[in-house]
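Asker: let me see the structure of the following:
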Amino acid sequence: MIRKKTSIVAILFGFISYLGFLIVFNYQIAFVGDLFVPITIDMARTGSLFSSVIVDLGLVTLFGIQHTIMADPMFKRWITRFIPECYERPLFVAVSTIALAFLMWQWRSIDIVIWQVEAQWAVWLIWGLFTLGWGILYLSTFLIDHWHLFGLKQALGRDFEGVTRFVTPSLYKLVRHPMMTGITIAIWAAPTMTLGHLIFSASMTTYLLVGIRFEERKLVQELGSQYELYQKNIPALVPTLKKKHDINTVNAE
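Answerer: Numbers count the residues shown, from 1 in each chain. Sure thing, here's the model as predicted:
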């Protein structure tokens, strides 16, 4: 284990950032599912159809730009010229949390119904998929190191040699990006799909697909043939029955 210099302020910032993430992440589940909270994807601000579409697309774009820029290695190298390394990941988590909270706060509902499932068995099936999607996302964070992913280890001054190496535990043997698979299932699993929800699901899915391309390009640069072999044998988002060759790797995240 490698221990890096940190401070009480960094530790507090890391824990506050993580607590904020937990609150906003769980609110997001209720937001997308139209469950129990005052502002949801179909019970938010309203406006004209044109302005609502523009605002909603702009909010997802803003979230995507923030996420993409701050996750880029060049940005990480730049920001750590001004702040200690132990702050970098908690800062990313904090700003991403604020961006997601802002998206939900400013969201515009568009109540035009695209589809509505009536059969009770189908409604329960869809809610099952909704729950499954969020469960896959949550589980996947622990498979790759939840505490490192959300900045707590960095805030505590703890890092581990090889944390950026490639590993393929459990779900990562089925798909390369199980977190994205989980999110995609969750945001599309809706018994009633309004135009507002459709815009959210379609634009967020587009961002995820674009983000995956950037992420994989970075991983190929870092891991070379090791990751290219993984790409050839493991699908990105949807599991297949294709026979896989042995992948003798231990992974990067």
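
Asker: now the longest helix belonging to the chain, how far from the centre of its chain.
Answerer: Counting by DSSP state H, the longest helix found in the chain is helix 195-223. Its chain's C-alpha centre and that of helix 195-223 lie 10 Å apart, by Cα atoms, centre = their mean, to the nearest Å.

Asker: now the element after that helix, going C-ward?
Answerer: helix 225-233 (DSSP states H and E).

Asker: and that following helix, what's buried?
Answerer: 226-227, 229-230, 233 (16 or more other Cβ atoms under 10 Å). The way it works is simple: take the backbone N, C-alpha and C, and place the C-beta from them, glycine included.

Asker: packing partners for that helix?
Answerer: Applying 3 or more Cβ pairs under 8 Å, 6 or more residues apart in numbering; DSSP states H and E, one finds that helix 225-233 contacts helix 195-223.

Asker: and the helix it packs on with helix 225-233, angle?
Answerer: Computed with axes from the mean of the first three to the mean of the last three Cα atoms, to 10 degrees, the direction of helix 195-223 lies at 140 degrees from that of helix 225-233.

Asker: give me the buried positions along helix 195-223.
Answerer: 195-201, 203-205, 207-208, 211, 215-216, 219, 223.

Asker: in the stretch 101-250 of the chain, which spans are strands?
Answerer: Assigned by DSSP state E, counting those that start in this stretch, the stretch 101-250 of the chain shows strands spanning 113-116, 158-159, 192-194.

Asker: gap between the nearest residue to T184 once chain neighbours are set aside and I185?
Answerer: With sequence-adjacent residues excluded and distances taken as Cβ to Cβ, 6 or more residues apart in numbering, T184 is closest to T205, at 5.9 Å. To I185, T205 is 11 Å away according to Cβ to Cβ, to the nearest Å.

Asker: looking at the strands of the stretch 101-250 of the chain, spot the one closest to T80.
Answerer: T80 lies closest to strand 158-159 among these, at 13.1 Å (Cβ to Cβ).

Asker: any regions of the stretch 51-200 of the chain where pLDDT drops low?
Answerer: For the stretch 51-200 of the chain, applying pLDDT under 70 flags the ranges 159-165.

Asker: neighbours around L237, how many?
Answerer: 18 (other Cβ atoms under 10 Å).

Asker: now do the contacts for it.
Answerer: With contact set as Cβ atoms under 8 Å, 6 or more residues apart in numbering, L237 has these partners: 175-177, 180-181, 184, 212.

Asker: could you do E215 as well?
Answerer: 71, 177.

Asker: one step back: among the contacts of L237, which two are most distant?
Answerer: R176 and T184 (13.3 Å).

Asker: coming back round to it: out of the contacts of L237, which is nearest to L139?
Answerer: T181 (11.1 Å).

Asker: in stretch 132-148, what counts as buried?
Answerer: Applying 16+ other Cβ under 10 Å to stretch 132-148 flags 133-134, 136-137, 140-141, 143-144, 147-148 as buried.
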